[in-house]
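can you look at this prediction? I've put the sequence above it.
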Amino acid sequence: MLRSQFSERLASLKGGVLSAAIMIIIHLGFILGQMGLVPLTWSVALLSFIPVGLTGMVFGVTYRYTVRRDRYRQLGDGVVSAFFVTRMGGVGSELLMSRGHPALKSALPGLFILGIDTILGLALARFCLDWAQTRGWLPMAAPEIHDDSTDFDSNSDPDLSSR
């Protein structure tokens, strides 16, 4: 049991690192493309890689466990969409809270570029995760891994045992 938990965690780490690397590479392309258009300092540009890498890492782990052995396209689309909406919603709400409504209008081109950066990174990370799984380089998540001590026992709950 301990060996399978370790191998599952290692495979999750591989999926997370693969996704993070892909999203960082996509983001690097967008940062380099914006250098002449938007006044960016290298320190701000480098700091922007932290949330991108973390998003990619969590996406890789989440995607691997959500899709598992199911080949329903909607599951993968849902994970990509959820991460996209969460990332863009967080950036938009932060902008509204910190600078108000007029700043949002002036920031729309930047938000559009960030949206393209994010959706391309997530879509390419998904493609690479699927590709790595079909090649056997990244094992698919096991159907269920759980600890027996955390199983729910309906006999221990008087409300459920009477049903």
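Received the coordinates, thanks.

when you work out contacts or count neighbours from here on, use the C-alpha atoms and nothing else.
Will do.

sec struct for Gly89, please.
Three-state assignment for Gly89 (DSSP: H, G, I helix; E, B strand; the rest coil): helix.

which pLDDT value does the model give it?
With respect to pLDDT, Gly89 has a value of 82.

do Ala82 as well
89.

mind checking the SS state of it?
Ala82 is classified as helix under three-state DSSP.

now do Val17
With three-state DSSP as the basis, the three-state label of Val17 is helix.

number of nearby residues for it?
As a burial measure, Val17 scores 20 neighbours (other C-alpha atoms under 10 Å).

can you tell me the closest non-neighbouring residue to it?
Among residues not flanking Val17 along the chain, Met57 sits closest, at 5.8 Å (C-alpha to C-alpha, 6 or more residues apart in numbering).

show the contacting residues for that neighbour.
Neighbouring residues of Met57 by C-alpha atoms under 8 Å, 6 or more residues apart in numbering: 13, 15-20.

with Thr66 instead?
75-76, 79.

can you tell me the element it falls in?
Assessed by DSSP states H and E, Thr66 sits inside helix 49-67.

before we move on, the earlier item: now pLDDT and distance to Val67 too, for the contacts of Met57, in CSV please.
CSV is the format used below for the contacts of Met57 (pLDDT from 0 to 100; distance: C-alpha to C-alpha, whole Å):
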residue, pLDDT, distance to Val67
Leu13, 92, 16
Gly15, 92, 12
Gly16, 94, 14
Val17, 95, 17
Leu18, 95, 16
Ser19, 95, 15
Ala20, 95, 18
